[in-house]
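Asker: This is the structure alone, sequence omitted:
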């Protein structure tokens, strides 16, 4: 991973509890949350505001949009 952001204490607590509820590791819960976000957020909006189009093929939003940066 190129960038690993720190979570706030509140977000870390929330993620931990979600992981416990789902009976999965926190890393898996976070991955699933990110995948879910690609389904509910407008991919065109994300792609049109993207500042780095060098990794589009790895991005969960890319496959669902027509992107101004392509």
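Answerer: Everything's here; your move. Fair warning: this is a prediction, and the values are worked out from it, not measured in the lab.
Asker: use CA for all of it now, contacts and neighbours both
Answerer: Fine.
Asker: Would you mind giving both backbone torsions of residue 41?
Answerer: phi -100, psi 140 (degrees, to the nearest 10).
Asker: That one and residue 19: what is the separation?
Answerer: Applying C-alpha to C-alpha, to the nearest Å, the value for residue 41 to residue 19 is 22 Å.
Asker: Which one's more surrounded, those two?
Answerer: Legend: neighbour count by other C-alpha atoms under 10 Å for residue 41 and residue 19, higher for residue 19 (17 against 11).
Asker: Would you mind measuring the gap between the ends of stretch 19-27?
Answerer: Using C-alpha to C-alpha, one end of stretch 19-27 lies 8 Å from the other.
Asker: what comes up buried for that stretch?
Answerer: Within stretch 19-27, the residues scored as buried using 16 or more other C-alpha atoms under 10 Å are 19, 26.
Asker: Also stretch 46-63?
Answerer: Going by neighbour count (16+ other C-alpha under 10 Å), the buried part of stretch 46-63 is 47, 56, 60, 61, 62.
Asker: where in this protein is pLDDT low?
Answerer: 1-2, 64-70 (pLDDT under 70).
Asker: the helices in it, which residues?
Answerer: All helices of the chain, identified by DSSP state H, fall at 9-22, 26-40, 43-48.
Asker: returning to what we had before: and the buried residues of stretch 46-63, which is closest to residue 35?
Answerer: The closest of the buried residues of stretch 46-63 to residue 35 turns out to be residue 60 (C-alpha to C-alpha; 7.1 Å).
Asker: Run a quick neighbour tally on the closest residue to the closest one other than its chain neighbours.
Answerer: Excluding its sequence neighbours, the residue lying closest to residue 60 (C-alpha to C-alpha, 6 or more residues apart in numbering) is residue 38, at 5.9 Å. Taking other C-alpha under 10 Å as the criterion, the count of residues near residue 38 is 16.
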